[in-house]
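Participant: Pasted the sequence and its predicted model underneath.
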2 protein chains.
Amino acid sequence: MHPFDEAIALSRDAEGVFHGRTTPEYWNMVGPFGGITAAVLLHAVLQHPARLGEPAAMTVNFAGPVPEGPFRLLVRPVRTNRSTQHWIIEQHVQDADGGTSIATTATVLTAARRQTWSASDFSAPLQGGPQADQPPMALPPGVPSWFRQYAFVPLEGEMPGAWDGREREGSLSRLWVRKAAERALDFCALAAFCDVFYPRVWLRRAHRVPAGTVSITVYFHASGAMLDAAGSDWLLAQAQGQEFRDTLFDQTGQVWDRHGNMLATTHQIAYFKE
Amino acid sequence: MHPFDEAIALSRDAEGVFHGRTTPEYWNMVGPFGGITAAVLLHAVLQHPARLGEPAAMTVNFAGPVPEGPFRLLVRPVRTNRSTQHWIIEQHVQDADGGTSIATTATVLTAARRQTWSASDFSAPLQGGPQADQPPMALPPGVPSWFRQYAFVPLEGEMPGAWDGREREGSLSRLWVRKAAERALDFCALAAFCDVFYPRVWLRRAHRVPAGTVSITVYFHASGAMLDAAGSDWLLAQAQGQEFRDTLFDQTGQVWDRHGNMLATTHQIAYFKE
């Protein structure tokens, strides 16, 4: 089984509650990689028997730590229309004191979409930079395990080589990315790709302050057929901060397939310590 | 009472459920202006006795129509940490058949923020264009009532003068905006300002297809003190589509105070008919 599929595996009990567990392959500093949490929550919606259509939008709120081990997902279709459906998801985890708490919340929009007039207002920045077929970046020892699930070819805004506190102007990172072990693209994988960027505040400040995503939104522009076509090929992804202020900063990003088709746009707000 | 305060007015019953009602001043085509719905949901969080800190992020999902009349807001603080708090809100409305349904869902993050290193990566486009102190745009007869609650000075990407279907390249609109009747800025008002843009697909296509916001996210970068300072002055706001495809398009936007301080960044996904 691919480590990604292992990490998003779920069972559903007689009450309709989904059960999953964290895996070491997608561990971050103090909990699972946020992208894998987004992916497993979306997976529950996709496995739900009442589900209508394909994912169109998702917001995931990282409310508290997800400990190593099992978790439960409460998944509710709160409103079903003719071609759209709205979901609320809660991730419940076991606390150290034996109780349970809500570690993550999410809302998801699924939609049965029809082919219509379509256009892009954000062209993929494919020109000029190096192309994907080159050796991916070597990861330094000691990086959290989830990094090793991906192969990265940085194009711009690489992680600072020295944490010398020399501030720079921009906070744009652009890269080619794919899974380290081949696996076809799908909606869950795309959701996780939207969170592969290291904290923008590190790039801007060259100072590795504690930082982490608090809320992420993904808009899925791709159909399942487009994701199938992208397969396990490289994706072009970029993210840029817009405002850093008083313990929080935001980030806006885009993910394209290798040919420059927009697959998803994504936004997040993250905390940082002074 | 200012029409905005009337529209976001709430009472709270013994069970902790908030009660409000739609007002004609903020009516859109087939329901209330999305921005006023976002504002009243946020207002419930701000009035909740357990609330910690100031709004930092909000996602509102427009799941179904909000009919004229009363509605109920179920507001749950699902997780409270030392300096952050996560909320889930449901707006319940009365259906024509006498039942009730969930018309809107939202998640909100509130946070007690501290002063830290801060920086911007998106400068306000203050140069070059006309400044705010000029007569606002005259609204054509027949526009939905909520438009008349605002004064607009378009700078770029004005609504097409003719619906001749002549497509254009970009979908950026930039404008000065403030309330038509003076009222100080606060978090609820800022949330509503984030939704004042007409559908990007109209601009791009010069074709007024049915369109409406399905989900909007607002990241609040301003503190309450910054909003107080902005008062009832003009705000600079802009929004741009990124991808239009198969019944949905997204939009990314920014709102600054008159002096170019970033107050909020905002994103939304909207449906459109062919």
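Facilitator: Cool, the structure landed.
Participant: Please report how far residue A:167 lies from chain B.
Facilitator: Going from residue A:167 to chain B by Cβ to the nearest Cβ, to the nearest Å gives 8 Å. Every C-beta, even on glycine, is put in place using the N, C-alpha and C of the backbone.
Participant: mind checking the SS state of that residue?
Facilitator: The assignment at residue A:167 comes out as coil when based on DSSP: H, G, I helix; E, B strand; the rest coil.
Participant: what about it, neighbour count?
Facilitator: 12 (other Cβ atoms under 10 Å in any protein chain shown).
Participant: Kindly report the same for residue A:112.
Facilitator: By the other Cβ under 10 Å criterion, the neighbourhood of residue A:112 contains 14 residues.
Participant: Now for it: which residues touch it?
Facilitator: Applying Cβ atoms under 8 Å, 6 or more residues apart in numbering or on different chains to residue A:112 gives the contacts A:52-54, A:83-84.
Participant: By residue count, what's the longest helix in chain A?
Facilitator: The longest helix of chain A (DSSP state H) is helix A:34-47.
Participant: That helix and chain B, any residue contact?
Facilitator: No - using Cβ under 8 Å from any Cβ of the partner chain, we find that helix A:34-47 stays clear of chain B, coming within 12.6 Å at best.
Participant: What strand or helix carries the closest residue to residue A:136 other than its chain neighbours?
Facilitator: Leaving aside its sequence neighbours, residue A:136 sits nearest to residue A:151 (Cβ to Cβ, 6 or more residues apart in numbering or on different chains; 3.8 Å). In this structure, residue A:151 sits in strand A:150-156 according to DSSP states H and E.
Participant: can you pull out the strands in chain A?
Facilitator: Counting by DSSP state E, the segments of chain A that form strands are A:11-12, A:18-21, A:54-62, A:70-80, A:84-94, A:100-111, A:119-120, A:150-156, A:172-179, A:211-220, A:235-245, A:248-257, A:262-272.
Participant: Let's have those strands in TSV, adding distance to residue B:207.
Facilitator: Compiled in TSV, the strands of chain A are given as follows (distance: least, Cβ to Cβ, whole Å):
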stretch	distance to residue B:207
strand A:11-12	44
strand A:18-21	43
strand A:54-62	22
strand A:70-80	29
strand A:84-94	22
strand A:100-111	21
strand A:119-120	12
strand A:150-156	37
strand A:172-179	34
strand A:211-220	22
strand A:235-245	31
strand A:248-257	26
strand A:262-272	21
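Participant: Same list (those strands) but as CSV, adding mean pLDDT and mean neighbour count.
Facilitator: CSV is the format used below for those (pLDDT from 0 to 100; neighbours: other Cβ atoms under 10 Å in any protein chain shown):
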stretch, mean pLDDT, mean neighbour count
strand A:11-12, 98, 12
strand A:18-21, 98, 17
strand A:54-62, 98, 26
strand A:70-80, 98, 18
strand A:84-94, 98, 22
strand A:100-111, 98, 23
strand A:119-120, 97, 16
strand A:150-156, 95, 18
strand A:172-179, 97, 21
strand A:211-220, 98, 25
strand A:235-245, 98, 23
strand A:248-257, 98, 25
strand A:262-272, 98, 25
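Participant: gap between the longest helix of chain A and the chain center?
Facilitator: 9 Å (Cα atoms, centre = their mean, to the nearest Å).
Participant: near chain B, which residues of the stretch 51-200 of chain A?
Facilitator: A:56-57, A:59, A:61, A:63-64, A:78-79, A:81, A:83-84, A:86, A:88, A:90, A:101-103, A:105-107, A:109, A:111, A:113-122, A:167, A:170-171, A:200.
Participant: any idea how far residue A:140 lies from chain B?
Facilitator: Between residue A:140 and chain B the distance is 25 Å, computed by Cβ to the nearest Cβ.
Participant: Tell me how many other residues surround that residue.
Facilitator: Applying other Cβ under 10 Å, we find 8 residues neighbouring residue A:140.
Participant: Give me the phi and psi for it.
Facilitator: Dihedral angles of residue A:140 (phi, psi; degrees, to the nearest 10) stand at phi -70, psi 160.
Participant: pLDDT score assigned to it?
Facilitator: You'll see residue A:140 listed with a pLDDT of 87.
Participant: got a list of what the closest residue to residue A:224 other than its chain neighbours touches?
Facilitator: Computed as Cβ to Cβ, 6+ apart, the closest residue to residue A:224 that is not its neighbour in sequence is residue A:54, at 5.6 Å. Neighbouring residues of residue A:54 by Cβ under 8 Å, 6+ apart: A:110-113, A:187, A:220, A:223-224.
Participant: coming back round to it: wait, isn't the residue nearest to residue A:136 in contact with residue A:182?
Facilitator: No - taking contacts as Cβ atoms under 8 Å, residue A:151 lies outside contact range of residue A:182: 10.2 Å.
Participant: Specify the beta-bridge partners of the spatially closest residue to residue A:187 that is not a sequence neighbour.
Facilitator: Nearest residue to residue A:187 in three dimensions, chain neighbours excluded: residue A:55, at 4.7 Å (Cβ to Cβ, 6+ apart). Beta bridges link residue A:55 to residue A:110 when assigned by DSSP bridges.
Participant: I'd say residue A:55 and residue A:110 touch.
Facilitator: Yes - between residue A:55 and residue A:110 there is a contact at 5.6 Å, judged by Cβ under 8 Å.
Participant: Residues that sit against both of the two, list them.
Facilitator: Going by Cβ under 8 Å, 6+ apart, residues that sit against residue A:55 and also against residue A:110 are residue A:45.
Participant: And for residue A:135, the neighbour number?
Facilitator: Neighbourhood size, residue A:135 [other Cβ under 10 Å]: 7.
Participant: And it, how far from residue A:151?
Facilitator: Distance, residue A:135 to residue A:151, by Cβ to Cβ, to the nearest Å: 9 Å.
Participant: How about residue A:224?
Facilitator: Relative to residue A:151, and taking Cβ to Cβ, residue A:224 is found at 24 Å.
Participant: now do residue A:66
Facilitator: From residue A:66 across to residue A:151, the span is 25 Å (Cβ to Cβ).
Participant: ditto for residue A:192
Facilitator: 14 Å.
Participant: residues in contact with residue A:233?
Facilitator: With contact taken as Cβ under 8 Å, 6+ apart, residue A:233 is in contact with A:132, A:178, A:257-258.
Participant: swap that for residue A:77, please
Facilitator: With contact set as Cβ under 8 Å, 6+ apart, residue A:77 has these partners: A:48, A:50-51, A:85-87.
Participant: In space, what's closest to it - neighbours in sequence excluded?
Facilitator: Closest to residue A:77 by Cβ to Cβ, 6+ apart is residue A:50, at 5.0 Å.
Participant: same deal with residue A:4?
Facilitator: Leaving aside its sequence neighbours, residue A:4 sits nearest to residue A:183 (Cβ to Cβ, 6+ apart; 5.7 Å).
Participant: Quick check: that neighbour touching residue A:230?
Facilitator: No - applying Cβ under 8 Å, one finds residue A:183 not in contact with residue A:230, separated by 11.5 Å.
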